[in-house]
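Chemist: okay, sequence plus prediction incoming.
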Amino acid sequence: MDTALITGGSKRVGKAIAEHLAGKGWNLVIHYNTSEEPAERLVKQLQTHYPGQKFTCLQTDLINQNEVERLIRNAIANMGSIQLLVNNASIFKPGNLRKTSTGLFDDHILVNFKAPFILMRDFATFCTNGNIINLLDTRITSNKTNFAAYSLSKKSLWHLTQMAALEFAPNIRVNAIAPGVTLPPVDKDESYLWELAEKIPMKEPTGTDPILKSIDFILENTHLTGQLLFADGGENLGQNR
Ligand SMILES: NC(=O)c1ccc[n+]([C@@H]2O[C@H](COP(=O)([O-])OP(=O)(O)OC[C@H]3O[C@@H](n4cnc5c(N)ncnc54)[C@H](OP(=O)(O)O)[C@@H]3O)[C@@H](O)[C@H]2O)c1
């Protein structure tokens, strides 16, 4: 049975991915940073639902490079091997270019770009075959700077996705998914999302469903590599006014 490592897998989008993959028969390593209790609860819940599969959780602060360098090897030590890496963990803090301190810049680059780079490199080094899926953001199609460090980190991760797809082929496929109006930030509610959704072609928040269907499409489509699937209700097309 195959094993997936999902970063930031204990809550929100990461949890939805974990539950979805578990339902498809995957063993899981659920990575978390501060959410120990939700991660352990999710592992117990999945063990109850799928007693024939293996689930574990591992803590790593993705800002700490030394810790990140151990994560793939720890995951393999726990599960024997891994066949899928989902780079989902992320930080998302506002600030245009003028308001971006070097600290804010570094945090985004470390968690959203450098940690995925290290994990992808180590996956390609220690795993003979499999898939890498990077969670991006439909924001990468615009030059809006209200979340400048975040957008730069995700734009960079898209270029890394393409470079890695080229280098790691044919045994490892590397693809990306760009969500849009998916879940409200933790300090906002659904009404905030519906307001944002008024401006996108499909006129409603996407929820996690298009992300999960994109994951299935990537995994089933065995010649797909270096591609970006927009799970964003058409937001990447821009506004028709
Ligand atoms: N939600 C949306 O509407 C939306 C839209 C577009 C794109 N996306 C992308 O989809 C993915 C998931 O979105 P989300 O909203 O579910 O993400 P999220 O809740 O903001 O973050 C996911 C996880 O990232 C982990 N994380 C943050 N800092 C970390 C660090 N220093 N070390 C290790 N882990 C860290 C956190 O783990 P702990 O809780 O364990 O600390 C958190 O649970 C992200 O890549 C995001 O950019 C989401």
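Modeler: Arrived safely, thanks for sending. Numbering: from 1, shown residues only.
Chemist: so what touches stretch 109-123?
Modeler: 5, 7, 62-63, 65, 68-69, 71-73, 82, 85, 87, 89-91, 130, 132, 134, 149-150, 152-154, 156-157, 160, 164, 168, 172, 174 (C-beta atoms under 8 Å, 6 or more residues apart in numbering). C-beta coordinates here come from the backbone N, C-alpha and C atoms, glycine included.
Chemist: in strands only, show me these.
Modeler: 5, 85, 87, 130, 132, 134, 172, 174 (DSSP state E).
Chemist: flag every buried residue along the helix or strand of the chain with the lowest mean pLDDT.
Modeler: Least confident helix or strand of the chain, by mean pLDDT, DSSP states H and E, is helix 190-197 with a mean of 95. Residues 193, 197 are the ones in helix 190-197 that count as buried (16 or more other C-beta atoms under 10 Å).
Chemist: repeat for stretch 25-36
Modeler: 26-33, 35.
Chemist: just checking, which of those residues belong to strands?
Modeler: Using DSSP E, those in strands are 27-32.
Chemist: name the nearest of the buried residues of stretch 25-36 relative to Met202.
Modeler: Distance ranking of those against Met202, using C-beta to C-beta, places Trp26 first at 29.1 Å.
Chemist: report pLDDT for the closest one.
Modeler: Reported pLDDT at Trp26 in the predicted model: 98.
Chemist: do you know how far it is from the ligand?
Modeler: Separation of Trp26 from the ligand (C-beta to the nearest ligand atom, to the nearest Å): 18 Å.
Chemist: please name the nearest non-neighbouring residue to the closest residue to the ligand within the chain.
Modeler: Closest residue of the chain to the ligand, C-beta to the nearest ligand atom: Gly8 (2.7 Å). Once flanking residues are discounted, Gly8 sits nearest to Ala89: 3.0 Å by C-beta to C-beta, 6 or more residues apart in numbering.
Chemist: that neighbour touches Val13, doesn't it?
Modeler: No. Using C-beta atoms under 8 Å, Ala89 is not in contact with Val13, being 9.9 Å away.
Chemist: nearest to the spatial middle of the chain, which residue is it?
Modeler: By C-alpha atoms, centre = their mean, the chain has its centre lying nearest to Asn88, at 1.9 Å.
Chemist: so who does it touch?
Modeler: 6-9, 13-14, 17, 135.
Chemist: pLDDT score for it?
Modeler: Asn88 carries a pLDDT value of 99.
Chemist: please apply the same query to the one 3 residues further on.
Modeler: Ile91 is assigned 97 on the pLDDT scale.
Chemist: can you give me the neighbour number for it?
Modeler: Neighbour count of Ile91, defined by other C-beta atoms under 10 Å: 17.
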